[in-house]
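1. just a sequence and a predicted model for now, questions to come.
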Amino acid sequence: MIIKQLINKSEAWEDFKNFCLRSKPYKAFCIGSRRMREQSIKRYFDQFCQGCEVYECENVYVFTAEHRFYNHIQFLFGGDKDTNLSKIKKFYLIMDNIRSKNGKYFKSEIRRTFKVDFYKKWIDRYDKRAIILDNEDQTVLWYNCIKMKTLKIVATNKVSRHLQDKIASYDKLDFECGSSPCISYLKIEEDMYIFDTKTVEYNGDHSLISGLISDDKSFVASITLEFRP
């Protein structure tokens, strides 16, 4: 498969337009007038192209910008003729090609407003490198290999010191700014813990997820988990 960086980004326009007319990821693409829908789609296309590099692999596209610590994916999509697994394979090829040049991991947010839950289930089923943090931005992080369901505990306080350097496994990590509690469950060795995520910090070659951990019986303490792509 050939990966191309599009010097002329307008080469992606027709495929982008057709995808948006079909998939309708934003409410602005659902209005009745086709002319107005296409005008809205063109505005989004121009916005995504600005400051982004566009890569293509057999009608699969990734719009991405290099940031200090990570590659930020603004938009990605594939044609309707590919199977889901074929699309994912091409996405991975593009990301691995970009990573080989700058060594940075990938971060994005789920911006779509149409069928969001369906899309998240699609990611969880087919995208085996991605994890979704259920925060306000619905952040997506990608590993550089098949998704590992473990995170290392790299910081503790006096109460949680016995967990230092242990490995925590998880099913899903919830995270939300504000006062609403977002509870996840971590398994450390053979014990189950409640984890309330507070902050996520994006660093050079890893991210740090900090919060409060409890065994729901005897202690509440602070820990920090390390996500290292």
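-> Yep, that arrived.

2. how is this structure carved up into domains?
-> Structural domains assigned to the chain are 4-142, 150-227, following automatic domain parsing.

3. ok, for Ile41, nearest residue in space, not its chain neighbours?
-> Nearest in space to Ile41, with sequence neighbours left out and distances taken as C-beta to C-beta, 6 or more residues apart in numbering, is Cys20 at 4.6 Å. For the C-beta atoms, the positions are set from N, CA and C on the backbone; glycine is no exception.

4. just confirm that neighbour is within a strand.
-> No: assignment of Cys20 by DSSP: H, G, I helix; E, B strand; the rest coil gives helix, placing it outside any strand.

5. hmm, back to that, what would the domains of the chain look like in TSV with mean pLDDT and mean neighbour count?
-> Formatted as TSV, those follow (pLDDT from 0 to 100; neighbours: other C-beta atoms under 10 Å):
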stretch	mean pLDDT	mean neighbour count
domain 4-142	87	16
domain 150-227	80	15
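
6. where do the helices sit along this protein?
-> Secondary structure of the chain (DSSP state H): helices located at 13-23, 34-49, 84-102, 116-126.

7. tabulate these (TSV), appending distance to Thr150.
-> TSV is the format used below for those (distance: least, C-beta to C-beta, whole Å):
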stretch	distance to Thr150
helix 13-23	33
helix 34-49	34
helix 84-102	21
helix 116-126	17
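
8. out of the ones you listed, which gets nearest to Gln5?
-> Closest approach to Gln5 among the helices of the chain is made by helix 84-102 (8.9 Å; C-beta to C-beta).

9. name the helices or strands packed onto the closest one?
-> Secondary-structure packing of helix 84-102 (3 or more C-beta pairs under 8 Å, 6 or more residues apart in numbering; DSSP states H and E): strand 53-56, strand 60-66, strand 70-78, strand 105-109, helix 116-126.
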